[in-house]
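just the structure for this:
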Amino acid sequence: MEIEKFIEDYERALATQKWENLDPLICENATVTFSSGMVYKGKDQVKIAFERNFEAIKSEQYSIKNIDWLLKAESLGVYTFDFHWEGLIDNVLRKGAGRGTSVLIKENGYWKLLTEHLGPMPKNNT
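From the prediction side, this is the model:
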């Protein structure tokens, strides 16, 4: 799989709101930091965090845009991106956006998420 395809696969897996579709894309020792500041270490904690999100946000639409590759190597990739989400929380339409950074590693021929850090949109672009 080409490294760029990982992002498409990741978005598609998130759209299903089913962990089993995300599972093959996540490293065993992954760390995810959500915009709330909560940090989840290890695949078991990451799974719990994503499943909570899937339960809390119904019909979520999540998109990744403005991808900026900082590094593309044989077995390592680093990129920054804008993310946008929209979905129903307690039957009320909510949405949000921010900026993220992800690190991918290649394991057994497959790209996997090693870490993802999500935060607010920058206040300026300087």
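
pLDDT score for Ser35?
Note for Ser35: predicted pLDDT of 89.

on the three-state scheme, it is what?
coil (DSSP: H, G, I helix; E, B strand; the rest coil).

what's the helix or strand for the closest residue to it other than its chain neighbours?
Excluding the flanking residues, the one nearest Ser35 by C-beta to C-beta, 6 or more residues apart in numbering is Leu118, at 4.7 Å. Quick note: C-beta positions are derived from backbone N, CA and C, even for glycine. Using DSSP states H and E, Leu118 falls within strand 110-119.

can you tell me what sits against that strand?
For strand 110-119, contacts defined as C-beta atoms under 8 Å, 6 or more residues apart in numbering pick out 1, 3, 5-6, 10, 24-27, 29-35, 77, 83, 98-106.

likewise stretch 36-53?
Contacts for stretch 36-53 (C-beta under 8 Å, 6+ apart): 19, 22-23, 26-34, 60.

how about 6 Å then?
19, 26, 28, 30-33 (C-beta atoms under 6 Å, 6 or more residues apart in numbering).

before we move on, back to that, among the contacts of strand 110-119, which ones are in strands?
Judged by DSSP state E, those include 26-27, 29-33, 77, 83, 98-106 as members of strands.

one step back: state the mean pLDDT of the strand holding Leu118.
97.

mind listing what that strand pairs with, with the direction of each?
Sheet pairing of strand 110-119 (DSSP bridges) gives strand 26-33 (parallel), strand 92-107 (antiparallel).

tabulate those strands (JSON lines), appending distance to Lys43 and mean neighbour count.
Formatted as JSON lines, those follow (distance: least, C-beta to C-beta, whole Å; neighbours: other C-beta atoms under 10 Å):
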{"stretch": "strand 26-33", "distance to Lys43": "5", "mean neighbour count": "17"}
{"stretch": "strand 92-107", "distance to Lys43": "12", "mean neighbour count": "15"}
